[in-house]
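J.: test case, fold it:
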Amino acid sequence: MNCSSIRRLNFSKSKDLIRGSLTVSDLHSINEAINKRAGRKLLPSIGVSLFLIALVWFSLASYRILFAGLVTIAIVLGIRELHHALTTTKIDIPQWSLTTAAIALSASAWFGGVSGLAVATAIAFPCLLVLLLPRGIEGFVSTASASALALIYLPFLAGFLILLARPHNGLDRVMTLVVLVGCNDTFAYLTGVLFGKHPLAPKISPKKTIEGLIGSLFFTVIGGSLAFHYIMNSDWWLGAIAGLLTVFTATAGDLIESALKRDMAIKDMGSLLPGHGGIMDRLDSVLFAAPALWLALEIVRRAQDSGLL
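T.: Have a look, this model is predicted:
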């Protein structure tokens, strides 16, 4: 069922709803049509998203270090998912070495800031390569490359989530990221379903459309402006810029993960989160958006300290 079919179905059912003749079967048909268009079950996806947002808010509102722990757990689970997915291509990344590196990078980000994260990554990378040497030379390049990708893609990028949470206003900063990524994902989907006709990257993610990207751009800029004004107590135009950055980084993250999954011939990285797939399926856009937002906030802070803003 294509996008226009869904719109016709929803329109006809809307008339039934007005007349009061909408049946349970009709509601089921609408739900199935939406699920088919989305590529996954929508209601469980919404429920899981709300639960995760509540969990993030609670951890940050109580003790921010709990959030760092949640991020670390998520990344460890993500490494497990990536390890399992890569076995389909006969690449065996060192799961336990990467898990140790993830814990070390998270701790370094929390206690040492961006410098700690950078140094920990610089140390972890050669250590991973050395630990691969006993396996021999067969497949060394592919395994080393995949291990380096896993190190940067998961614990390093996730370290910026922890960096966002470190300051006293960590709750505001992380929840602003949640608003930005939420606006991008939600309105890219909605505008894509309602108006999408032109594929954005058909060979990588056939369901993504140019119309969806335009819709996410418009609404994420608005959402960013509101989030910066009401959550961050900052200028709205800074939020608009952050919205622009989020759209392009989050969309890039989504497309990159889609490319990885298509290359490995899998639909989802895992099945832990109903309606989403695995941890990595939920974190794809967040991991790429977090460094961009951290950098934007850091530039603003330094500009304010120097009197430029």
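J.: how far off centre is the lengthiest strand in the chain?
T.: In the chain, taking DSSP state E as the definition, the longest strand is strand 205-209. Centroid separation for strand 205-209 versus its chain: 17 Å, with CA atoms, centre = their mean, to the nearest Å.
J.: what do you get for stretch 88-107?
T.: Here stretch 88-107 is found 19 Å from its chain centre; the criterion is CA atoms, centre = their mean.
J.: list the buried residues in stretch 232-246.
T.: Across stretch 232-246, burial judged by 16 or more other CB atoms under 10 Å covers 232, 234, 236, 238, 239, 240, 241, 242, 243, 244, 245, 246. For every residue, glycine as well, the C-beta is placed using N, CA and C.
J.: out of those residues, which one has the weakest pLDDT?
T.: Lowest pLDDT within the buried residues of stretch 232-246 is found at residue 234 (90).
J.: show me what secondary structure element comes after the longest strand of the chain.
T.: helix 210-230 (DSSP states H and E).
J.: strand 205-209 and that next one, what's the angle between them?
T.: Angle, helix 210-230 to strand 205-209, by axes from the mean of the first three to the mean of the last three CA atoms, to 10 degrees: 60 degrees.
J.: residue 55: what's it in contact with?
T.: With contacts defined as CB atoms under 8 Å, 6 or more residues apart in numbering, residue 55 is in contact with residue 70.
J.: does it count as helix, strand or coil?
T.: At residue 55 the chain is in helix, as set by DSSP: H, G, I helix; E, B strand; the rest coil.
J.: got a pLDDT number for it?
T.: For residue 55, the predicted pLDDT is 92.
J.: about what we covered before: could I get the buried residues of stretch 232-246 as JSON lines with distance to residue 209 and secondary structure?
T.: Formatted as JSON lines, these follow (distance: CB to CB, whole Å; DSSP: H, G, I helix; E, B strand; the rest coil):
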{"residue": "232", "distance to residue 209": "31", "secondary structure": "coil"}
{"residue": "234", "distance to residue 209": "32", "secondary structure": "coil"}
{"residue": "236", "distance to residue 209": "28", "secondary structure": "helix"}
{"residue": "238", "distance to residue 209": "29", "secondary structure": "helix"}
{"residue": "239", "distance to residue 209": "25", "secondary structure": "helix"}
{"residue": "240", "distance to residue 209": "23", "secondary structure": "helix"}
{"residue": "241", "distance to residue 209": "25", "secondary structure": "helix"}
{"residue": "242", "distance to residue 209": "24", "secondary structure": "helix"}
{"residue": "243", "distance to residue 209": "19", "secondary structure": "helix"}
{"residue": "244", "distance to residue 209": "19", "secondary structure": "helix"}
{"residue": "245", "distance to residue 209": "21", "secondary structure": "helix"}
{"residue": "246", "distance to residue 209": "18", "secondary structure": "helix"}
